[in-house]
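**Student:** here is my input, please return the structure:
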Amino acid sequence: MKFKGIIFDLDGTLVNSLEDISDAMNSVLTSLNYPTHTYDTYQYFIGSGLRNLVSKALPVSNNSQEQIETCFESMVKGYRETCTLKTKPYEGIVELLDNLASQNIKMAVFSNKADELTKKIATEIFPNHFDAAVGLSTEALKKPNPFEAVEISKKWNLKPEEILFVGDSDIDMQTAVNANMFPVGVTWGYRTQEELKNSGAKLVINSASELIDIL
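**Tutor:** Model (predicted):
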């Protein structure tokens, strides 16, 4: 089948945002005299939304719902100002998007990052590349819920099976399976090839240029 559209995850797939996210959360932890975490640790906190990341970063002894919400608000406030400070596209991504655009392949972003931040990063780093950039607006619609992905397919007037879903995590692969889209895992992000395959990836790629070969 000829694929006519691609939905990309954002963090760990299109951009390396690890340091900006980690720095913002560590700033909150430092302000409360809580232990901070390394970048290597944060890469396993990313993928299920910033609220979930805050919960994982907080000490077990200070992890009440009230504390999570307070720290989440502080983290997002700081991150909003610095979310494109160190965040950069992965190698070959801009060239890939330009190539796909020249082939009239429809492209969108679907992330578990807050909707406001998803749109900000997508439009600032990749101006004019995407038909839509959708982030988390309510917890009920968080990936692996396929609702937003299916909504994008409807707007494109494409069948889900005509769309590649590209991401770097088990959550992304599960979302693709749930949406009946073709799951493509990438190894340059925050998870392993084994995790991607075990979560439903039908194909795992090691460089952005490999996506062109699929199409």
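**Student:** what's the helix or strand for the closest residue to residue 92 other than its chain neighbours?
**Tutor:** Once flanking residues are discounted, residue 92 sits nearest to residue 208: 3.5 Å by C-beta to C-beta, 6 or more residues apart in numbering. All C-beta atoms are positioned from the backbone trio N, CA, C, and that covers glycine. For residue 208, there is no host helix or strand (DSSP states H and E).
**Student:** contacts for the longest helix seen in the chain?
**Tutor:** In the chain, taking DSSP state H as the definition, the longest helix is helix 65-82. Helix 65-82 is touched from outside by 20-21, 23-25, 27-28, 31-32, 50-51, 54-55, 58, 114, 116-117, 120, with contacts defined as C-beta atoms under 8 Å, 6 or more residues apart in numbering.
**Student:** what does stretch 141-157 give?
**Tutor:** Against stretch 141-157 from outside (C-beta under 8 Å, 6+ apart): 4-5, 7, 48-49, 106, 108, 110, 112, 131-132, 134, 136, 159-160, 162-163, 165, 171-172, 174-181.
**Student:** can you rerun that using 6 Å?
**Tutor:** 5, 7, 49, 106, 108, 110, 112, 132, 134, 136, 160, 163, 171, 174-175, 178-179 (C-beta atoms under 6 Å, 6 or more residues apart in numbering).
**Student:** endpoint to endpoint, that stretch covers what distance?
**Tutor:** 21 Å (C-alpha to C-alpha, to the nearest Å).
**Student:** how about stretch 164-176?
**Tutor:** Counting by C-alpha to C-alpha, the terminal residues of stretch 164-176 are separated by 8 Å.
**Student:** quick one: distance of it to the chain centre.
**Tutor:** With C-alpha atoms, centre = their mean, to the nearest Å as the basis, stretch 164-176 stands 9 Å off its chain's centre.
**Student:** so for that stretch, mean pLDDT?
**Tutor:** Averaged across stretch 164-176, pLDDT comes to 97.
**Student:** again with stretch 89-104
**Tutor:** For stretch 89-104, the mean pLDDT works out to 95.
**Student:** equivalent analysis for stretch 200-215, please.
**Tutor:** Averaging pLDDT along stretch 200-215 yields 92.
**Student:** returning to that earlier point: can I get the longest helix of the chain in CSV, CA atoms only?
**Tutor:** This file holds the C-alpha atoms of helix 65-82, laid out as CSV (Å, rounded to 0.1, in the frame of the first residue of the first chain):
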residue,chain,number,x,y,z
GLN,A,65,-1.6,14.7,44.2
GLU,A,66,-1.5,18.2,45.5
GLN,A,67,2.3,18.3,45.4
ILE,A,68,2.3,16.9,41.9
GLU,A,69,-0.1,19.6,40.7
THR,A,70,1.8,22.4,42.3
CYS,A,71,5.1,21.3,40.9
PHE,A,72,3.5,20.6,37.5
GLU,A,73,2.3,24.2,37.3
SER,A,74,5.8,25.5,38.3
MET,A,75,7.5,23.2,35.8
VAL,A,76,5.3,24.2,32.9
LYS,A,77,5.7,27.9,33.7
GLY,A,78,9.5,27.6,33.6
TYR,A,79,9.5,25.2,30.6
ARG,A,80,7.3,27.5,28.6
GLU,A,81,10.0,30.1,28.6
THR,A,82,12.9,27.7,27.8
